[in-house]
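Chemist: pasting a predicted model and its sequence here:
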Amino acid sequence: GHGTSFDISTNEILKINQDMLVIDTNGNIGIGTTTPLEVLDVCGNISLLKSESGNSKGSFDILFNGTTSTGSDTPQAKINSTVYPNNTNAGTLNFYTENPLNNFIKRMDIDGVGNIGFYNLSGLNKSFIWDASNQYIGINKSTPERTLHVSSDGAGYVSRFERTSTLQYDIGIDNLVTGD
């Protein structure tokens with residue numbers, strides 16, 4: 001198609017509207033700065049908006065790409081936001097890393113009220129949570145009910161304490177006591 005283009009030689013600096021946008025002789029782009037130090041250097045707030053209209057929309061992803069051991073470009077991590085449940089004015093910030101099967105797995109989130117969740121290996125269940133409202137910590141418990149709420153690992157053990165590599169103490173649950 002026929003489009004408009006412009007070329008910048010290596011010895012020229014392009015400035016648009018004085019200091020609003022600068023492309024320096026190294027190819028670095030500055031927005032709000034006349035001296036960009038990186039490929040993209042922004043001095044000011046950055047807003048990522050979802051292009052869809054309507055309520056309860058999350059943001060686009062910020063993707064972090066790298067290379068594989070063979071030199072191929074590949075996405076390695078991403079950050080995005082989603083709408084916090086029951087509150088369209090708050091959001092949840094989600095952090096993902098890519099697994100060996102090239103799937104993004106949720107590793108951590110921070111929700112609209114300050115709760116922080118760390119996810120298990122599959123990225124489906126929270127294995128550690130900070131409940132900001134109650135100031136509770138949950139380990140293997142997604143809804144902690146006490147200051148420190150630890151759930152069993154499935155084998156009956158709650159924790160292990162080691163004094164040395166050969167002297168270990170496992171704490172298990174022998175008698176179930178109900179109530180507070």
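Modeler: Sure, I can see it. Quick caveat, the model's predicted, so the values are computed rather than measured.

Chemist: neighbours of residue 47, just the number please.
Modeler: 6 (other CB atoms under 10 Å). Yep, even glycine has a C-beta here, placed from its N, CA and C like the rest.

Chemist: max-length strand in this structure?
Modeler: Longest strand of the chain, by residue count under DSSP state E: strand 73-83.

Chemist: could you tell me the angle between the next helix or strand along the chain from that one and strand 73-83?
Modeler: Tracing the chain past strand 73-83, the next element assigned as helix or strand by DSSP states H and E is strand 91-98. Angle, strand 91-98 to strand 73-83, by axes from the mean of the first three to the mean of the last three CA atoms, to 10 degrees: 160 degrees.

Chemist: show me what strand 91-98 pairs with in its sheet, parallel or antiparallel.
Modeler: Strands adjacent to strand 91-98 in the sheet, as given by DSSP bridges, are strand 73-83 (antiparallel), strand 104-110 (antiparallel).

Chemist: what's the longest one in contact with?
Modeler: Counting by CB atoms under 8 Å, 6 or more residues apart in numbering, strand 73-83 makes contact with 56-68, 90-98, 102, 104, all of which sit outside it.

Chemist: would you indicate which residues of it are buried?
Modeler: 77-78, 80-83 (16 or more other CB atoms under 10 Å).

Chemist: what stretches of this protein score poorly on pLDDT?
Modeler: Scanning the chain for pLDDT under 70 picks out the ranges 1-19, 49-58, 84-89, 153-165, 167-180.

Chemist: can you do 50?
Modeler: 1-2, 5, 175 (pLDDT under 50).

Chemist: which one of the strands paired with strand 91-98 lies nearest to residue 23?
Modeler: strand 73-83 (23.6 Å; CB to CB).

Chemist: tabulate the strands paired with strand 91-98 (a markdown table), appending distance to residue 130.
Modeler: Formatted as a markdown table, the strands paired with strand 91-98 follow (distance: least, CB to CB, whole Å):
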| stretch | distance to residue 130 |
| --- | --- |
| strand 73-83 | 18 |
| strand 104-110 | 9 |
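
Chemist: closest to residue 134 out of those strands?
Modeler: That would be strand 104-110 among these, by CB to CB, at 16.2 Å.

Chemist: from residue 67, how far out is the nearest residue to residue 68 once chain neighbours are set aside?
Modeler: Counting by CB to CB, 6 or more residues apart in numbering, residue 68 lies nearest to residue 74, which is 5.3 Å off, once chain neighbours are set aside. Look at residue 74 and residue 67: by CB to CB, to the nearest Å, they are 7 Å apart.

Chemist: with residue 109 instead?
Modeler: For residue 109, the distance to residue 67 equals 27 Å [CB to CB].

Chemist: the more surrounded of these two?
Modeler: residue 109 (19 against 10).

Chemist: I'd say the more buried one and residue 92 touch.
Modeler: Yes: using CB atoms under 8 Å, residue 109 is in contact with residue 92, at 5.4 Å.
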